[in-house]
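Visitor: Please work out how this folds:
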Amino acid sequence: MAKLSPQAVIFDLGSTLIEYETISWSELSALCAASARKFLLKEGFNVPVEDEFHQAFESVKDTYRRVASEKCVEWTIPQAAGKLFDEIGIKFNMSQIDRFFDAYYEPIDKRLYIYDDTIATLAKIRERFQVIGLISNTIFPERAHRRELQRFGIEPFLDFAIFSSTFKLRKPHPDIFHKAANLAGYGPGECVYIGDRYPEDVCGARGVGMSAILKVHDSREYPEDMPPDTRRIHTLSELSDHLDF
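Guide: Numbering: from 1, shown residues only. Take a look at the predicted model:
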């Protein structure tokens with residue numbers, strides 16, 4: 001398979017440049033809910049017991065998840081928290097919502113890590129290609145991820161970053177890929193996208209004429225009928241097999 005020579009290389013974030021799933025998302029969600037509940041108790045709010053609080057929050061999130069799945073419209077944890085507070089009778093202000101999110105996100109933040117080859121690969125790509133960008137599906141506010149990009153030294157390599165929580169649409173919606181191409185200053189056919197999910201990342205990119213490379217993740221289930229010409233890597237270092245460095 002011939003190597004690609006794009007003008008712009010665009011990455012996914014989670015499980016591509018940084019690992020967030022150090023434990024299962026179901027376990028993380030329970031830890032996050034418990035952390036957020038402790039914050040509310042410290043603020044003096046009367047809240048349900050831990051299991052009830054977690055289940056109530058998951059029920060609210062499920063409503064948003066269904067809409068996101070059907071329409072690719074993004075939602076956020078602060079948005080769901082506002083709905084939860086209404087349902088359990090908590091009167092809140094935006095400052096409390098922000099601090100609630102910080103408490104919720106703490107179990108994720110302290111477990112995530114950058115891959116060993118992320119920075120070295122970005123440095124090589126920066127030397128060879130014109131533009132490096134990022135598109136991330138996320139239900140977390142952009143500020144959390146901007147902090148992570150700075151923390152791990154990724155931000156200096158990026159010419160732009162699009163977060164679905166800010167953009168309001170999520171992959172595989174074509175608009176988010178077209179936006180990335182516009183920010184890169186090239187047509188979709190001059191860009192390549194790298195991500196770990198087949199429907200969102202590979203099919204989404206290909207749907208607008210953008211080349212795609214799948215970063216295979218051990219915890220993912222991939223279609224058995226995935227086209228044999230799908231470009232695949234297991235580590236970022238393997239991008240040299242597909243990109244003309």
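
Visitor: residue ranges for the helices of the chain, please.
Guide: With helices called from DSSP state H, the chain shows them at 25-42, 50-71, 77-88, 94-109, 118-128, 142-151, 164-167, 174-184, 204-207.

Visitor: among those helices, which is nearest Glu19?
Guide: Ranking the helices of the chain by proximity to Glu19 (C-beta to C-beta) places helix 118-128 first, at 9.7 Å. Bear in mind the C-beta positions are built from the backbone N, C-alpha and C, glycine included.

Visitor: which residues touch the closest one?
Guide: 9, 17-18, 132, 152-154, 157, 236-237, 239-240, 243-245 (C-beta atoms under 8 Å, 6 or more residues apart in numbering).

Visitor: so what are the domain limits for this protein?
Guide: Domains of the chain are assigned by automatic domain parsing as 8-19+113-241, 25-109.

Visitor: surely Cys32 meets Tyr105?
Guide: Yes - with contact defined as C-beta atoms under 8 Å, Cys32 counts as touching Tyr105 (6.9 Å).

Visitor: Other residues contacting stretch 205-223?
Guide: 4, 6, 10, 12, 15-16, 21, 172, 174, 177-178, 181, 187-189, 191-198, 201-202, 230-236, 239, 242.

Visitor: In strands, which of the residues you listed appear?
Guide: Using DSSP state E, Ile10, Cys191, Val192, Tyr193, Ile194, Gly195, Arg231, Arg232, Ile233 are the members of the contacts of stretch 205-223 that sit in strands.

Visitor: Buried by neighbour count, from the residues you listed: which ones?
Guide: Using 16 or more other C-beta atoms under 10 Å as the burial test, these include Ile10, Cys191, Val192, Tyr193, Ile194, Gly195, Arg231, Ile233 as buried.

Visitor: for those residues, which one is nearest Ser26?
Guide: Within those, the smallest distance to Ser26 is 22.1 Å, found for Gly195 (C-beta to C-beta).

Visitor: Report the mean confidence score over stretch 43-54.
Guide: Stretch 43-54 carries an average pLDDT of 95.

Visitor: what does that stretch contact?
Guide: Ser29, Ala30, Ala33, Ala34, Arg37, Leu40, Leu41, Ala56, Ile88, Ile90, Gln96.

Visitor: Show the end-to-end separation of that stretch, please.
Guide: With C-alpha to C-alpha, to the nearest Å as the measure, stretch 43-54 spans 18 Å from end to end.

Visitor: pLDDT value on Asp159, please?
Guide: Per-residue confidence (pLDDT) for Asp159: 98.

Visitor: same question, Gln150
Guide: As predicted, Gln150 sits at a pLDDT of 98.

Visitor: Neighbours of it, how many?
Guide: 11 (other C-beta atoms under 10 Å).

Visitor: before we move on, what about Lys38?
Guide: Quick note: Lys38 (other C-beta under 10 Å) scores 14 neighbours.

Visitor: how about the nearest residue to it once chain neighbours are set aside, what does it touch?
Guide: Spatial nearest neighbour of Lys38, chain neighbours left out: Ala103 (6.9 Å); criterion: C-beta to C-beta, 6 or more residues apart in numbering. Counting by C-beta under 8 Å, 6+ apart, Ala103 makes contact with Ser35, Ala36, Lys38, Phe39.

Visitor: What of Phe57?
Guide: Phe57 neighbours (C-beta under 8 Å, 6+ apart): Ala33, Ala36, Ala80, Ala81, Leu84.
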